[in-house]
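> Need coordinates for the below:
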Amino acid sequence: LAAAAASGWWFGFGYFLAGLYWIGSAFLVDADKFGWLLAPAVLALPAGLAVFMAGGFALARLLWAPGAFRIVTLAATLTTTEWLRGHVLTGFPWNAFGYALAEPLALAQGFALFGLWGMTFLAVLTFAAPAALADAPGDTPRPLLLPGVAVTLLVAIALFGAVRLGAMPTAYVDGVRLRLMQPNIPQDQRFNYAAKADVMRRYLALSSRPTGEHPRGLADVTHLIWPESAFPFFVAREPDALASIADLLGDGTVLITGAARLAESSRPGNIEAYNSVYVFDHDGSILSIYDKVHLVPFGEYVPLRNWLKRIGIEQLVRVPGGFLSGDRLRSVESPRAPPFVPLVCYEAIFPHAVLPRGERPGWLLNLTNDAWFGITPGPYQHLLQSRMRAVEEGLPLVRAANTGISAVIDPIGRTVAHLALGREGVLDSDLPAPITPPLYARTGDAPATALVVLVLVASAWRRRARSARVARL
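This next block holds a predicted model:
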């Protein structure tokens, strides 16, 4: 058992180190203060996440019995521990195994049926199935059976996806014209209060830029969208900024932007804030505010902060008292468009947790700031995972990112418009229309949970039956 756990830990450590090394870039934004944490953080996060992988391997060994079914057991145990990784201590389901099946798009339609955890089970089963070919004939009389079943399942899902893509062309909401502003400002400048005038001038000039689709700039745009934490100041407390926003917007245009919001509990020397989304009307008045619910550990808040602060560990975002969590996920109304659900940064990576209970909005809006991670795989991974939420829920996803990748994605995962990573510009697009909720949106994780429980029970029965046979010999 210990050997299996150790094997799982080392496998997990390598897997997460290769997939998450780019987080080190965040510690170079304020290198004088946080640079010393780069190496410890890049090693500590994979080491901690690998504990879940160790648990999955150990549980598989505990239920082990000879034969190809042991591979099905491994798929169930790793799906279980991956689910735990996505929930324990607020959860971090980044790069779950199921995302291996998120490309090509036809295959990704399986997310509309089974969600991330169902696709995680399928991914482990598929990629581990060839191990049955190495079994002794006495243990696995038909070694080709399990690999054949796995390939058949993949082909069936891909065919389903191809038919679905062909039968569901992208439709659009009448009268909604979006403009996403991607300023591509380095992270160290975006949090510099002294640069606030330059930041605002850049936003205003870029937002009103004429394009081939909108030669009159903002004249035909109904919704201007800026990314997460757009300002190096509290915008609601800056009359000059509000006046500039009012001057920018025409009568038919609203601004949706990320911005820090000062909490009422703040006091000198202990500033507390929310990472929020504002909806501004054309006259600069605030129509609605959403406060981010799912904060990033060590990025926006520090667990056990008072203790860790003594050894020099603080959150990366420069808010002395840290960010506060909002009370709940909720839909937000916006003039001239269907209601939307704001998802700030990595709130978009949590499957079946992007919609308020009992509500179905018209679209998902992901405002993010991946400038922390530079030109690395991180922003690409973030986009892919966010994109699967659109497929799972059957809702379009609009994504505005400071340095990219900004994109408009239809409800079956097609990217209808995007701006590349590291590019300054604006992205003009119509808003895709939602579709009828797919199977996963209606059932959630219940089918995948039932499958995993059934496999674990069957594995325990097989293990017990084998032990009983060995005892009789």
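> what's the helix of greatest length in the chain packed up against?
Criterion DSSP state H: the longest helix present in the chain is helix 446-472. Identification of packing neighbours for helix 446-472 by 3 or more C-beta pairs under 8 Å, 6 or more residues apart in numbering; DSSP states H and E yields helix 69-85, helix 110-128. (Each C-beta comes from the backbone N, C-alpha and C, glycine too.)
> Let's have these in CSV, adding mean neighbour count, distance to residue 169 and mean pLDDT.
Below are the helices and strands packed on helix 446-472 laid out as CSV (neighbours: other C-beta atoms under 10 Å; distance: least, C-beta to C-beta, whole Å; pLDDT from 0 to 100):
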stretch, mean neighbour count, distance to residue 169, mean pLDDT
helix 69-85, 24, 34, 97
helix 110-128, 24, 16, 98
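> As TSV, those with distance to residue 152 would be great.
Formatted as TSV, the helices and strands packed on helix 446-472 follow (distance: least, C-beta to C-beta, whole Å):
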stretch	distance to residue 152
helix 69-85	15
helix 110-128	10
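> Distance of residue 266 relative to residue 389?
Distance of residue 266 to residue 389, computed by C-beta to C-beta, to the nearest Å: 33 Å.
> same thing with residue 117?
14 Å.
> list the residues that contact both of the two?
Overlap of the contact sets of residue 117 and residue 389 (by C-beta atoms under 8 Å, 6 or more residues apart in numbering) consists of residue 351.
> re earlier: with neighbour numbers in mind, choose between residue 266 and residue 389.
Neighbour count, other C-beta atoms under 10 Å: between residue 266 and residue 389, residue 389 has more, with 27 against 16.
> per-residue confidence at that one?
According to the prediction, residue 389 has pLDDT 98.
> roughly how far is stretch 160-175 from the heart of the chain?
Distance of stretch 160-175 from the chain centroid (C-alpha atoms, centre = their mean, to the nearest Å) equals 23 Å.
> Likewise for stretch 466-473?
With C-alpha atoms, centre = their mean, you get 48 Å for stretch 466-473.
> Dump it to PDB, restricted to CA.
Extracted in PDB, the C-alpha atoms of stretch 466-473 (Å, rounded to 0.1, in the frame of the first residue of the first chain):
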ATOM      1  CA  ARG A 466     -10.600 -13.200  -4.300                       C
ATOM      2  CA  SER A 467      -9.400 -13.100  -0.700                       C
ATOM      3  CA  ALA A 468     -12.000 -15.700   0.200                       C
ATOM      4  CA  ARG A 469     -10.800 -18.000  -2.600                       C
ATOM      5  CA  VAL A 470      -7.200 -17.600  -1.600                       C
ATOM      6  CA  ALA A 471      -8.100 -18.400   2.000                       C
ATOM      7  CA  ARG A 472      -9.800 -21.700   1.000                       C
ATOM      8  CA  LEU A 473      -6.800 -22.900  -0.900                       C
END
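> Wait, residue 250 touches residue 219, no?
Yes. In this structure, residue 250 is within contact of residue 219 by C-beta atoms under 8 Å, at 6.3 Å.
> For the chain, just list every one of the helices.
2-20, 31-34, 38-62, 69-85, 105-108, 110-128, 145-167, 187-190, 196-207, 239-248, 305-309, 377-393, 439-443, 446-472.
> Next, format those as a markdown table and append distance to residue 274.
A markdown table is the format used below for these (distance: least, C-beta to C-beta, whole Å):
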| stretch | distance to residue 274 |
| --- | --- |
| helix 2-20 | 27 |
| helix 31-34 | 23 |
| helix 38-62 | 25 |
| helix 69-85 | 27 |
| helix 105-108 | 33 |
| helix 110-128 | 28 |
| helix 145-167 | 39 |
| helix 187-190 | 17 |
| helix 196-207 | 19 |
| helix 239-248 | 18 |
| helix 305-309 | 17 |
| helix 377-393 | 21 |
| helix 439-443 | 28 |
| helix 446-472 | 33 |
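> Show me which strand runs longest in the protein.
Secondary structure assigned by DSSP state E gives strand 172-182 as the longest strand of the chain.
> what's the angle from that strand to helix 196-207?
Strand 172-182 and helix 196-207 are oriented at 140 degrees to each other (axes from the mean of the first three to the mean of the last three C-alpha atoms, to 10 degrees).
> what residues does strand 172-182 touch?
Counting by C-beta under 8 Å, 6+ apart, residues outside strand 172-182 touching it are 203, 206-207, 214, 218, 220-227, 336-338, 362, 398-404, 406, 408, 419, 423-433.
> Show the buried residues in these.
Using 16 or more other C-beta atoms under 10 Å as the burial test, those include 203, 206-207, 214, 218, 221-227, 337-338, 362, 398-404, 406, 408, 419, 425-433 as buried.
> Which members of these are positioned in strands?
223-225, 337-338, 398-401, 406, 408, 419, 425-432.
> what about residue 129, neighbour count?
Neighbours of residue 129 under the rule other C-beta under 10 Å: 23.
> any idea how far residue 142 is from residue 72?
For residue 142, the distance to residue 72 - C-beta to C-beta - is 14 Å.
> what's the answer for residue 2, then?
24 Å.
> again with residue 424
Distance from residue 424 to residue 72, by C-beta to C-beta: 50 Å.
> still on that earlier bit, which positions in the longest strand of the chain come out as buried?
173, 176, 177, 178, 179, 180, 181, 182.
> For residue 231, state which of the residues you listed is nearest.
residue 181 (12.8 Å; C-beta to C-beta).
> For beta bridges, what are the partners of that closest one?
On the basis of DSSP bridges, residue 181 is bridged to residue 426.
> cool, and residue 267?
With DSSP bridges as the rule, residue 267 is bridged to residue 270.
> Give me the distance between it and residue 105.
Distance from residue 267 to residue 105, by C-beta to C-beta: 51 Å.
> who's more crowded, those two?
Using other C-beta under 10 Å, the more surrounded residue of residue 267 and residue 105 is residue 105, with 18 against 10.
> burial of residue 233, as a residue count?
By other C-beta under 10 Å, 18 other residues sit near residue 233.
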